[in-house]
Structure formats: C-alpha cells, structure tokens
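Peer 1: Fold the following and give me the result.
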Amino acid sequence: MTFAGRTIAELAALPLTDLAGLPHDGTETARVLTEDLDARIAPVVELGLGYLSLDRATPTLSAGELQRLRLATQLRSGLFGVVYVLDEPSAGLHPADTEALITVLERLKAAGNSVFVVEHHLEVVRGADWLVDVGPGAGEHGGRVLYSGPVAGLAPVADSATARYLFARPPGPARAVREPRGWLTLGPVTRHNLRGVTAAFPLGAFTAVTGVSGSGKSTLVGEFTEEPEAVGRLVRVDQKPIGRTPRSNLATYTGLFDVVRKVFAATDEARARGYGVGRFSFNVAGGRCETCQGEGFVSVELLFLPSTYAPCPDCGGARYNPETLQVAYRGRNIAEVLDLTVEGAAGFFADVPAAARSLGTLLDVGLGYVRLGQPATELSGGEAQRIKLASELQRGRRAHTLYLLDEPTTGLHPADVEVLMNRLQGLVDAGHTVVVVEHDMTVVAAADWVVDLGPGGGDRGGRVVAAGTPAEVARTEGSATAAHLARALSGAAGP
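Peer 2: Residues are numbered from 1 along each chain as shown. Below is the predicted model:
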C-alpha cells in the first residue's frame with residue numbers, strides 16, 4: 001500500500017518540509033486529505049520545525065521544540081479570547097527562527113488573543129506592546145516590579161538591568177582575535193544530516209558553532225567522544241539534570257555539602273554529643289528526620305486525583321531531626337545553612353577556604369541567587385549546566401583542556417550572559433580551548449573563530465557554510481547567521 005509512491009513508513013520518515021505538497025492521484029478524497037495535511041504542517045514549518053519528521057520520538061525533542069509544536073496546534077485552532085502564557089519560547093532558537101516566532105505571536109494577538117511571554121531575547125522584548133520588568137537583581141535582590149508600560153518607557157529606569165541592553169548601545173572596544181596554538185580537525189563526520197563534514201577548530205581559542213535549528217551543530221560537536229591527542233582533557237558541559245531526585249542539590253553535586261558537614265562536625269556542641277560527619281547527612285539514618293526519610297516532604301494520596309506532596313509534618317521541610325538541628329555554627333543550624341543562597345553562603349563561609357573556593361566559582365557563573373539545598377529537580381537546564389561548569393572550574397588549573405558547551409546562554413538574561421562570557425574567556429586566556437554551540441549573536445561576535453552550519457535545518461543543512469573569524473563569517477553570502485552576526489558586530493539594536 002503506497003501513497004505518492006511511498007509506504008507509510010517512508011512518509012513518516014520524511015522531513016515535514018518534504019511531506020508538504022506531496023502529489024496525489026487526483027481523486028477528491030486524496031485532494032481533501034492532502035490539503036488538510038498541508039494545513040497542519042504549515043504552522044509547524046513556519047515556526048522553524050520543518051526539519052522534523054512524523055516518526056521523531058517525543059523524548060528526543062528539546063523543550064523549545066515541544067513548546068513550538070504546542071504553539072503550532074494553537075495556530076490551527078482558530079480560538080479567540082484566549083490568554084496564552086509562554087515561558088521563554090525563543091530558547092534554543094537561531095535569530096532567523098526567532099523572527100518567525102515573533103510573526104506567529106503577532107498572529108495570535110491579531111486573532112483576538114492575549115499573549116504573555118517570559119523572555120530574555122531582546123528582539124522578542126522589543127516587539128511587545130507592554131513590558132513588565134522585574135528586578136533589579138536575582139533572588140533576594142529582586143522580586144519587585146521596576147517598570148510596567150510601553151517598551152520605550154523603560155529607557156530612563158536606572159535600576160533596570162534590562163534597559164542597559166534593550167536600547168542601542170555603542171559597540172564595545174574591539175577585542176583582538178587570538179592566534180591559534182594549533183588546529184584540531186574533526187571528521188569526516190557522517191551522522192544524521194551530516195554527510196562527510198570536516199571542520200577545523202583552533203586550539204587555545206574560543207570557537208562558536210552556529211546555524212539554524214536542526215542544521216547539525218550539536219551532532220558535529222557531539223563527535224568529540226574522546227580526548228584528542230592535542231589536548232590533555234576533554235570536558236563536556238551539557239544541560240542534563242545534575243540529579244533526578246530531590247535528594248540531589250547544588251551543594252551535594254559540587255562537593256560543598258561535604259565541607260559544610262565537616263564544619264558542623266567540628267563544632268564544640270557536635271563533639272560533646274559525639275556527632276560525626278555522617279550525623280549531618282540527610283541521606284542516612286541518624287541525623288535525618290525518619291518521617292520523611294530526609295526528603296523534607298511526604299507524599300499525600302488523593303482520591304481520584306494524582307498524588308501530591310506536602311512539607312513533612314514533623315520536620316516542616318528541614319530534613320533533620322530536632323537533636324541534629326540543635327547544633328549550630330555561627331548561629332545557624334544545618335537546615336538554615338542549606339537554605340542560604342550562594343551569595344549569602346559566600347559571606348557566611350568567607351574564612352573557610354574549601355567552601356569559599358566552591359562558592360566563588362558559583363558566583364562567577366552567575367548563580368548567586370540559587371539556594372545551596374535547592375533540589376536538582378527545580379533547576380533549569382541552563383542552571384544545571386552552569387553548576388557543572390562551576391564544579392569543573394573549582395578543581396583548579398590542570399593540563400590543556402577542551403571545554404564543550406551546548407547553548408550555555410539558554411535562559412540567561414543578557415547581564416548573566418556577560419558574566420558567563422567573562423568566565424569562559426578567562427578559561428581561554430589561561431591556555432584552554434572552548435567550543436560552544438550558540439545562538440546568541442553577542443557571544444558569537446566575541447568568539448575568535450566561527451563554524452557556521454546550514455544553510456537550513458534537516459536535509460537542507462548539514463554542511464559547513466562558513467568558517468572564519470566573526471567578521472569574515474558576517475560577510476558570507478548564503479549564511480542565515482551572517483546578517484544577524486553583522487548587526488551584533490556593529491553594536492546596533494539586535495539579538
């Protein structure tokens with residue numbers, strides 16, 4: 001059984017761009033069905049997902065791809081009077097794809113709906129009718145509305161970190177492109193949509209790999225599977241969770257929790273009671289609350305509804321039993337210390353070298369607002385990636401290291417991007433090599449070398465369109481990145 005000369009399995013494996021407009025046998029039934037199919041595919045392609053196929057497994061889709069697919073279904077619904085709330089819909093999007101996203105959001109609004117967007121991408125913010133800016137900082141330094149009104153009205157708000165980036169700024173001082181200490185050649189790579197692709201990466205430099213969604217960026221960088229001979233170590237910093245249970249948190253992942261427990265075990269009160277380091281762990285019996293097994297919450301079974309969670313009735317979410325909580329260090333018990341933010345803990349443990357070093361690297365990557373005991377399940381992919389980077393940085397300088405990061409700026413405000421970039425550039429200044437897959441053109445403009453894949457996504461991508469310095473790539477014809485990179489290099493208003 002075939003349609004347009006293909007079996008159902010072959011049709012399901014086609015990219016949506018190829019599936020649209022398939023010829024039919026001329027019957028009325030076939031015409032109606034293909035027109036309906038094309039109408040369903042059109043909004044998905046418009047949102048930059050034309051490289052996906054019908055048989056693509058849902059677990060392999062990124063959060064941004066899933067959100068855009070849900071948005072595409074709403075475009076076809078024809079509803080009006082609906083309030084749409086989107087959380088960073090531009091995450092993981094190339095600037096060219098973001099332009100299509102803005103068009104779709106405008107169409108939803110024009111159809112009589114209200115659209116609320118939590119967003120860091122400046123082009124999306126500029127396209128809004130109303131802007132609510134919250135700050136001025138993160139965590140305990142934020143939480144208040146600095147401005148609410150038309151976008152242009154934010155310009156004079158001195159406390160706004162957003163205003164400093166939203167309106168055109170003169171370009172910063174040009175940074176000299178680093179001279180490579182050597183070259184690392186990857187390939188030929190044949191995988192997914194890459195067909196015999198070879199790319200060269202400079203050593204001792206900062207390289208950005210760019211291209212529209214689905215062009216093969218992550219596939220290419222993913223081919224670094226073992227330490228190349230030219231470098232001493234290979235470190236991959238991805239956005240996978242640092243843990244899949246609430247027992248895992250920032251403090252346990254970075255090793256900071258071991259230091260904290262040793263500090264408490266060394267207090268006079270702990271020694272007098274005979275408490276060792278294990279007493280201050282919420283993962284083993286002894287010091288933890290046995291009602292919740294050290295989790296801080298209990299499952300509540302609801303009739304005909306999914307189970308929910310509530311704070312433990314005995315410890316109130318503290319995770320420890322009363323005897324353990326009676327031991328204090330500088331006026332705080334172990335639960336209160338875990339409730340500190342990284343910034344607060346940095347001051348609290350300023351004279352504890354092992355803790356200060358770990359906390360300092362977390363501050364360097366812009367995580368000062370995260371609580372030490374914040375469960376891993378509550379952290380975003382971007383936060384998890386920066387925690388991994390901080391954990392690696394605190395190990396101290398080692399042999400020449402190749403750092404691979406996949407979209408490290410996802411979910412970051414431009415001010416946080418600046419902080420992260422200073423740290424990454426510091427790694428390169430120290431003699432290491434950094435390769436990032438990135439869509440933020442301010443990051444790409446600050447790179448020493450750019451490898452641009454494309455020109456499109458899926459089967460329309462998978463080849464190196466341009467490779468060179470940012471200025472050279474910005475002049476490349478046929479590159480979807482070039483125009484946006486040129487705008488970033490000139491310092492004009494742009495993403």
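Peer 1: sec struct for the closest residue to Pro95 other than its chain neighbours, please.
Peer 2: Distance criterion CB to CB, 6 or more residues apart in numbering; nearest residue to Pro95, sequence neighbours excluded, is His484 at 4.1 Å. To be clear about C-beta, it is placed using only N, CA and C from the backbone, and glycine gets the same treatment. Of the three states, His484 takes helix according to DSSP: H, G, I helix; E, B strand; the rest coil.
Peer 1: shouldn't His484 be in contact with Met441?
Peer 2: Yes. Using CB atoms under 8 Å, His484 is in contact with Met441, at 5.1 Å.
Peer 1: First-to-last residue distance for stretch 127-138?
Peer 2: Terminal residues of stretch 127-138 lie 24 Å apart, using CA to CA, to the nearest Å.
Peer 1: Could you list the buried residues of that stretch?
Peer 2: 127-128, 131, 133, 135-136, 138 (16 or more other CB atoms under 10 Å).
Peer 1: In strands, which of those fall?
Peer 2: 131, 133, 135 (DSSP state E).
Peer 1: partners of Gly135 in the sheet?
Peer 2: Arg144 (DSSP bridges).
Peer 1: Give the full set of residues in contact with it.
Peer 2: 142, 144, 146, 159-162 (CB atoms under 8 Å, 6 or more residues apart in numbering).
Peer 1: Any idea how many residues pack against Asp159?
Peer 2: For Asp159, the tally of surrounding residues (other CB atoms under 10 Å) stands at 12.
Peer 1: wait, is it part of a strand?
Peer 2: No. Under three-state DSSP, Asp159 sits outside any strand and is assigned coil.
Peer 1: That one touches Pro136, doesn't it?
Peer 2: Yes. Between Asp159 and Pro136 there is a contact under CB under 8 Å: 4.3 Å.
Peer 1: which residues of the stretch 201-350 of the chain fall in helices?
Peer 2: Assigned by DSSP state H, counting those that start in this stretch, the helices in the stretch 201-350 of the chain fall at 217-221, 250-254, 256-265, 268-273, 322-325, 334-338, 342-348.
Peer 1: In CSV: the ones you listed, plus mean neighbour count.
Peer 2: Shown next, in CSV, are those (neighbours: other CB atoms under 10 Å):
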stretch, mean neighbour count
helix 217-221, 22
helix 250-254, 23
helix 256-265, 20
helix 268-273, 13
helix 322-325, 16
helix 334-338, 22
helix 342-348, 20
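Peer 1: out of these, which comes closest to Val451?
Peer 2: helix 217-221 (7.8 Å; CB to CB).
Peer 1: Look up phi and psi at Leu194.
Peer 2: phi -90, psi 130 (degrees, to the nearest 10).
Peer 1: Any idea how many residues pack against it?
Peer 2: Residues near Leu194, counting by other CB under 10 Å: 22.
Peer 1: who's in contact with it?
Peer 2: 216, 219-220, 462-463.
Peer 1: same question, Val370
Peer 2: Counting by CB under 8 Å, 6+ apart, Val370 makes contact with 139, 250, 341-342, 362, 379, 383, 387.
Peer 1: cool, and Ala376?
Peer 2: Each residue near Ala376 by CB under 8 Å, 6+ apart is listed here: 241-246, 248-250, 253, 384.
Peer 1: That one and Leu186: what is the separation?
Peer 2: For Ala376, the distance to Leu186 (CB to CB, to the nearest Å) stands at 32 Å.
Peer 1: With Glu106 instead?
Peer 2: 40 Å.
Peer 1: Looking at those two, which one has more neighbours?
Peer 2: Taking other CB under 10 Å, Glu106 and Leu186 do not tie; Leu186 has more neighbours (17 against 12).
Peer 1: what helix or strand does the more buried one sit in?
Peer 2: strand 183-191 (DSSP states H and E).
Peer 1: Residues touching that strand, excluding its own?
Peer 2: Under CB under 8 Å, 6+ apart, the answer for strand 183-191 is 196-203, 219-220, 223-224, 228, 230-231, 402, 433.
Peer 1: How about stretch 410-424?
Peer 2: 88, 91-92, 120, 122, 161-162, 164-165, 206, 239, 364-366, 380-383, 385-386, 389, 393, 403, 405, 408-409, 434, 436, 440, 442-443, 446.
Peer 1: ok, back up a step: which residues do Asp159 and Pro136 both contact?
Peer 2: Leu146.
Peer 1: Give the residue spans of this protein that score low on pLDDT.
Peer 2: 25, 63-64, 168-174, 396-397, 492-495 (pLDDT under 70).
Peer 1: Now the closest residue to Phe80 other than its chain neighbours, what are its backbone angles?
Peer 2: Of all residues not flanking Phe80 in the chain, Gly112 sits nearest, at 3.5 Å (CB to CB, 6+ apart). Note on Gly112: backbone dihedrals following degrees, to the nearest 10 are phi 100, psi 20.
Peer 1: Hmm, Val83 and Gly112 touching each other?
Peer 2: No. Look at Gly112 against Val83 with CB under 8 Å: they stay out of range, at 11.3 Å.
Peer 1: Just to check, Tyr309 is in contact with Val298?
Peer 2: Yes. Using CB under 8 Å as the test, Tyr309 is close enough to Val298 to be in contact (7.0 Å).
Peer 1: Find residues that contact each of these two.
Peer 2: With CB under 8 Å, 6+ apart, Tyr309 and Val298 have no common neighbours.
Peer 1: quick revisit: any of the contacts of strand 183-191 buried? List them.
Peer 2: Of the contacts of strand 183-191, these count as buried by 16+ other CB under 10 Å: 197, 199, 201-203, 219-220, 224, 231, 402, 433.
Peer 1: With distance to Thr98 added, can I get these in CSV?
Peer 2: Below are the buried ones among the contacts of strand 183-191 laid out as CSV (distance: CB to CB, whole Å):
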residue, distance to Thr98
Val197, 25
Ala199, 25
Phe201, 27
Pro202, 29
Leu203, 32
Thr219, 22
Leu220, 22
Phe224, 28
Val231, 34
Leu402, 30
Thr433, 29
